[in-house]
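**Student:** Sequence and predicted structure below; questions after.
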Amino acid sequence: MLLSQSARSVTALFTRWRFFAGLSSLPLTLSTSSSAGTPACAETVWIVPLHEHPWYDHVRLKRVFVTDGTRHQVVLVDVRKLLACADRDNTDYVLRPVAEWHSGKVRGIREFLDPDSPRIPQMPYVTISTRRAPGLLGWLGIEREGVVAFRNGQHRARYLADAGARWCPVEVHEREAVLLRDMCGAADDARTAIRAISPTRESGV
């Protein structure tokens with residue numbers, strides 16, 4: 001009987017420990033999963049205008065990481081700056097300009113991004129680091145340049161740039177968000193040009 005009571009006591013303590021440990025691991029706020037000024041709702045859809053695209057004038061993008069506590073943020077970037085940093089990637093995964101893609105690839109990404117499609121594509125997901133810039137200041141360690149690597153979405157990012165998109169939302173780990181904004185951040189105008197809406201509101205429900 002004594003052994004049985006001890007076993008029950010240990011089980012009870014373990015159950016309480018698991019309960020409080022679970023509470024401490026819950027996210028405190030949504031601020032770790034979205035950048036300042038950007039809606040954090042998992043259902044948010046970003047509307048990115050295209051200025052040089054005869055097939056449609058905008059695309060819809062959603063987040064890659066949709067659960068709270070993923071420790072990823074959405075950052076609005078200048079697409080040209082983003083691709084300039086991506087062209088410095090030395091991992092042999094830098095795509096050629098859209099004009100050099102074969103017609104099937106261009107048609108495929110155009111259909112994939114079509115806003116009339118029921119499927120909403122995910123925004124590009126990137127990482128960013130820095131390295132010494134070329135020249136004397138870089139050699140002295142004074143000037144550094146950004147290097148972006150795409151984890152997902154390089155085709156859509158380059159297609160959007162070719163279609164006239166000036167700015168685009170991308171997702172990045174929170175520890176790299178400040179660096180990405182410093183190196184590739186969009187101008188303040190982007191927050192009025194790119195709309196972030198709920199899919200239910202978009203459909204008029």
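**Tutor:** Right, received. Where do you want to start?
**Student:** For the residue positioned nearest the centre of the chain, give me its contacts.
**Tutor:** The centroid of the chain falls nearest to Glu171 when counting by C-alpha atoms, centre = their mean (1.2 Å). Residues near Glu171 by C-beta atoms under 8 Å, 6 or more residues apart in numbering: Arg63, Val64, Phe65, His72, Gln73, Val74, Val75, Met123, Pro124, Tyr125, Val126. (Each C-beta comes from the backbone N, C-alpha and C, glycine too.)
**Student:** Near the fourth one, how many residues? Count them for me, please.
**Tutor:** His72: 23 surrounding residues under other C-beta atoms under 10 Å.
**Student:** Strands of the chain, start to end?
**Tutor:** 45-49, 58-61, 72-78, 125-132, 144-152, 167-173, 195-197 (DSSP state E).
**Student:** who wins for proximity to Glu111 among the ones you listed?
**Tutor:** With respect to Glu111, and counting by C-beta to C-beta, the nearest of those is strand 58-61 at 11.7 Å.
**Student:** returning to what we had before: out of the contacts of Glu171, which one has the weakest pLDDT?
**Tutor:** Within the set of these, pLDDT is lowest for Phe65 (90).
**Student:** my read: that residue touches His72, true?
**Tutor:** Yes - counting by C-beta atoms under 8 Å, Phe65 does reach His72; the two are 4.5 Å apart.
**Student:** what about the helices in the chain?
**Tutor:** Listed in chain order, the helices of the chain (DSSP state H) span 2-24, 79-86, 103-113, 136-139, 154-162, 174-184, 190-193, 199-202.
**Student:** And the contacts of the fourth one?
**Tutor:** Surrounding helix 136-139, the residues in contact under the criterion C-beta under 8 Å, 6+ apart are Arg132, Glu143, Arg144, Glu145.
**Student:** Which of those lies at the shortest distance from Asp57?
**Tutor:** Taking C-beta to C-beta as the measure, Glu145 is the one of those closest to Asp57, at 33.4 Å.
**Student:** Run a quick neighbour tally on that closest one.
**Tutor:** 14.
**Student:** and it, what pLDDT?
**Tutor:** 86.
**Student:** Contacts only, for the nearest residue to it once chain neighbours are set aside.
**Tutor:** Setting aside the residues directly before and after it, Glu145 is nearest to Ala133 in space (C-beta to C-beta, 6 or more residues apart in numbering), at 4.4 Å. Counting by C-beta under 8 Å, 6+ apart, Ala133 touches Glu143, Arg144, Glu145.
**Student:** Let me have those in CSV, extended by distance to Arg191.
**Tutor:** Listed next are those as CSV, based on distance: C-beta to C-beta, whole Å:
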residue, distance to Arg191
Glu143, 29
Arg144, 27
Glu145, 26
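**Student:** Out of the residues you listed, which is nearest to Thr91?
**Tutor:** Once C-beta to C-beta is applied, the member of these that ends up nearest Thr91 is Glu145, at 16.2 Å.
**Student:** I am finished for the moment; much appreciated.
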